[in-house]
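Student: here's my sequence, what's the structure:
(one chain, ligands or ions: 1)
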Amino acid sequence: MPIIPFGTGTSLEGQVNAPFGGISLDLSHMNRILTVHAEDFDCVVEPGVTRKALNEHLREEGLFFSIDPGADASLGGMAATRASGTNAVRYGTMRDNVLNLTAVMADGTLLKTGNRARKSASGYDLTRLLVGSEGTLGIITELTLKLHGIPETILSAVCPFATIEGVCNATIAAMQIGLPLARIELADAVQIRACNAYSHLAIAEAPTLFLEFHGTASSTREQVEAFAEIARNEGGGEFRWAERPEERTKLWQARHDVYWAVMGLRPGVYITMQDLLYGLMLPSGNDAALEIAKNVDGSVEAFVARMNEKAEQLGLRDTHFTNPHGLDSRRHYSSAYDLAMLGRYAMGNEAFRAIAATQYYHLAPPSDYTLHNGNSLLASYAGAEGIKIGWTDEAGWTFVASAVREGRRVIVAVLNSDDRDGDAAALLDWAYASHDWAVISPQTARTLQLARRIGETTPLERYLRVCG
Ligand SMILES: Cc1cc2nc3c(=O)[nH]c(=O)nc-3n(C[C@H](O)[C@H](O)[C@H](O)COP(=O)(O)OP(=O)(O)OC[C@H]3O[C@@H](n4cnc5c(N)ncnc54)[C@H](O)[C@@H]3O)c2cc1C
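Tutor: This next block holds a predicted model:
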């Protein structure tokens, strides 16, 4: 049974998804800051402490924790994803800032990966192995983290450039002369337009560097002068400075909000994953399938390749997808058995189940219209949960239907039927009346038995297709 740790759920690549089901273990309540060793510049925390909560706590001590990935993520989640962020150029990533950790392994062993001594080279570097392991190797229950002194002076600035090339050259030159930049991030002109609109800024729309300098008053001044000279030589324009904490926060918040800002560039096209998944339920859900494919894997072909890999992993030997919609495609093939197994896998996912069972789904404005699920069993068959209707040239009208009665879920697949609802209902009735029957399987004698029994009242060949 997979156990999937959950920090604050901000990870962007689906890390907290449960493709094979399992237990979601929420660590957000393990949120105690156990010790701060101010003179040693480290602290020991539980995994549910968020980076903002830690920095709030440390402020009085004149210390800060340097990794800032934008989201107010949990430190356990940040270690598990090896988070970096805008400060990485100077302070490194989680890889450099976790001194040791404690984790519970799959067999229940409690593993402590090291001690607080920085000068230690003995044994395997298990800390680095667990940092970035995304919950797959163990559950982090405690972390010892490096801290830094809050600099005497912090100066943030944005600097526009004539070209992206100029930005890159200036950055390389600054690194080459060893300027201790604390943050340096590039946003192109389109990105700046998005940030201006979303974060109410008024920055010139040009390739722009976001910068931050840390140090004493005199050392930051020197850094700024050195960088300004480099920038001028590479077509850099006027700096816009932010010294007061609230101005700095506004500037960097705009940088951290670029994800939302970019979405705002095309107002009205925001569409939720739920909208898309609901679209997939419909026989005409190709548009939704194409959108999902492109967003998840970058291209339709890559997504279809992933579907076929997944089908193989699930042991679906008769299935070959050619289209992200699954059904509705010329060279797509599958057997009823495979479709029923696929249905069983999909219905194991609570979110999918809820979407599949929705008969009318209203898309929010500006779309503002209602989609209708053509699975009429939802309204006419007791306990029906729906799955999917489609057409393929190989099999004609195809229907995978699911229903639950008295705690028993039965999934049937009907291929090549001109009365798909009637056939699916007959098959479901038959399955519920036969108490020991669980899933259609072409490998067992029961399949034939099923076909023969139904064949007593309806033409046999319709159900032979059903049985795979
Ligand atoms: C707007 C935005 C901007 C971002 N920018 C950046 C960026 O610039 N750079 C960057 O690196 N990242 C960036 N991120 C991603 C960020 O690093 C992650 O979202 C964050 O690290 C995940 O932390 P979390 O607590 O939300 O973890 P979750 O999302 O809850 O979990 C993430 C993974 O860690 C595992 N996990 C969680 N807790 C534990 C634990 N205690 N033990 C073992 N495994 C655990 C989970 O199972 C999952 O696999 C950004 C995210 C957002 C939303």
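Student: in this structure Asp257 contacts His200, no?
Tutor: No: here Asp257 does not reach His200: they are 10.9 Å apart, not a contact under C-beta atoms under 8 Å. Using the backbone N, CA and C atoms, a C-beta is placed for each residue, glycine as well.
Student: who has more neighbours out of those two?
Tutor: Asp257 (16 against 9; other C-beta atoms under 10 Å).
Student: give me the pLDDT for that one.
Tutor: According to the prediction, Asp257 has pLDDT 83.
Student: and the nearest residue to Ser376 once chain neighbours are set aside, its phi and psi?
Tutor: Excluding the flanking residues, the one nearest Ser376 by C-beta to C-beta, 6 or more residues apart in numbering is Asp421, at 5.6 Å. The phi and psi values for Asp421, taken as degrees, to the nearest 10, are phi -70, psi -50.
Student: list the contacts of stretch 156-171.
Tutor: With C-beta atoms under 8 Å, 6 or more residues apart in numbering as the test, stretch 156-171 has contacts from 183-184, 186, 188, 203-204, 206-213, 224, 227, 230-231, 233-243, 247-248, 251-252.
Student: tally of neighbours for the nearest residue to Arg118 once chain neighbours are set aside?
Tutor: Once flanking residues are discounted, Arg118 sits nearest to Leu99: 7.0 Å by C-beta to C-beta, 6+ apart. Leu99: 22 surrounding residues under other C-beta under 10 Å.
Student: again, but for Gly114
Tutor: Neighbour count of Gly114, defined by other C-beta under 10 Å: 18.
Student: next secondary structure after the helix or strand hosting Thr171?
Tutor: Secondary structure assigned from DSSP states H and E places Thr171 in helix 164-176. Note on helix 164-176: by DSSP H and E, the next helix or strand toward the C-terminus is strand 181-187.
Student: that next one pairs with which strands, and in what direction?
Tutor: The pairing partners recorded for strand 181-187 under DSSP bridges are strand 208-215 (antiparallel).
Student: how far out from the middle of the chain is the very next helix or strand once past the strand it pairs with?
Tutor: Moving toward the C-terminus from strand 208-215, the first helix or strand encountered (DSSP H and E) is helix 217-233. Counting by C-alpha atoms, centre = their mean, to the nearest Å, helix 217-233 is centred 40 Å from the centre of its parent chain.
Student: buried stuff in helix 217-233?
Tutor: Residues of helix 217-233 classed as buried: Thr220, Gln223, Val224, Ala226, Phe227, Ile230, Ala231 (neighbour count, 16 or more other C-beta atoms under 10 Å).
Student: same deal with stretch 348-361?
Tutor: Asn349, Phe352, Arg353, Ile355, Ala356, Ala357, Thr358, Tyr361.
Student: the residue in the stretch 251-400 of the chain that the ligand sits nearest to: how many residues sit nearby?
Tutor: Per C-beta to the nearest ligand atom, Tyr259 is where the stretch 251-400 of the chain lies closest to the ligand, at 4.7 Å. Neighbours of Tyr259 under the rule other C-beta under 10 Å: 12.
Student: could we number from 4 for the rest of this?
Tutor: Right, with 4 as the first residue, what we last looked at is Tyr262.
Student: which secondary structure element contains it?
Tutor: Taking DSSP H and E as the definition, Tyr262 sits inside helix 261-266.
Student: CA atoms only for that helix, dumped as PDB, please.
Tutor: Listed next in PDB are the C-alpha coordinates belonging to helix 261-266 (Å, rounded to 0.1, in the frame of the first residue of the first chain):
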ATOM      1  CA  VAL A 261       4.500  34.900 -12.400                       C
ATOM      2  CA  TYR A 262       2.600  31.600 -12.600                       C
ATOM      3  CA  TRP A 263      -0.700  33.400 -11.900                       C
ATOM      4  CA  ALA A 264       0.400  36.500 -13.900                       C
ATOM      5  CA  VAL A 265       1.000  34.400 -17.000                       C
ATOM      6  CA  MET A 266      -2.400  32.900 -16.800                       C
END
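Student: mind listing residues that contact that helix?
Tutor: By C-beta under 8 Å, 6+ apart, helix 261-266 touches Leu15, Gly73, Ala190, Gln194, Ala197, Cys198, Ala200, Tyr201, Ser202, Ala257, Tyr273.
Student: show me where the stretch 304-453 of the chain has helices.
Tutor: With DSSP state H, counting those that start in this stretch as the criterion, the stretch 304-453 of the chain has helices at 339-350, 353-359, 380-383, 423-436, 448-458.
Student: could you say what helices and strands the shortest one packs with?
Tutor: Here helix 380-383 is seen to pack against helix 423-436 when contacts are counted using 3 or more C-beta pairs under 8 Å, 6 or more residues apart in numbering; DSSP states H and E.
Student: chain center to the helix it packs on, what's the gap?
Tutor: For helix 423-436, the distance to the chain centre is 38 Å (C-alpha atoms, centre = their mean).
Student: buried ones in that helix?
Tutor: Within helix 423-436, judged by 16+ other C-beta under 10 Å, the buried ones are Arg423, Asp424, Asp426, Ala427, Ala428, Ala429, Leu430, Leu431, Trp433, Ala434, Tyr435.
Student: same list (those residues) but as CSV, adding pLDDT and distance to Tyr127.
Tutor: Below are the buried residues of helix 423-436 laid out as CSV (pLDDT from 0 to 100; distance: C-beta to C-beta, whole Å):
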residue, pLDDT, distance to Tyr127
Arg423, 82, 58
Asp424, 86, 60
Asp426, 82, 60
Ala427, 85, 56
Ala428, 88, 60
Ala429, 83, 61
Leu430, 82, 56
Leu431, 85, 55
Trp433, 79, 58
Ala434, 77, 54
Tyr435, 80, 56
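Student: circling back to that earlier point, quickly run through the sheet partners of whatever helix or strand the residue nearest to Arg121 lives in, with directions.
Tutor: Assigned by DSSP H and E, Leu102 belongs to strand 101-108. Under the criterion DSSP bridges, strand 101-108 sits next to strand 113-115 (antiparallel), strand 141-149 (antiparallel) in its sheet.
Student: among those, which comes closest to the ligand?
Tutor: That would be strand 141-149 among the strands paired with strand 101-108, by C-beta to the nearest ligand atom, at 3.5 Å.
Student: so after that closest one, what's the next helix or strand?
Tutor: strand 151-152.
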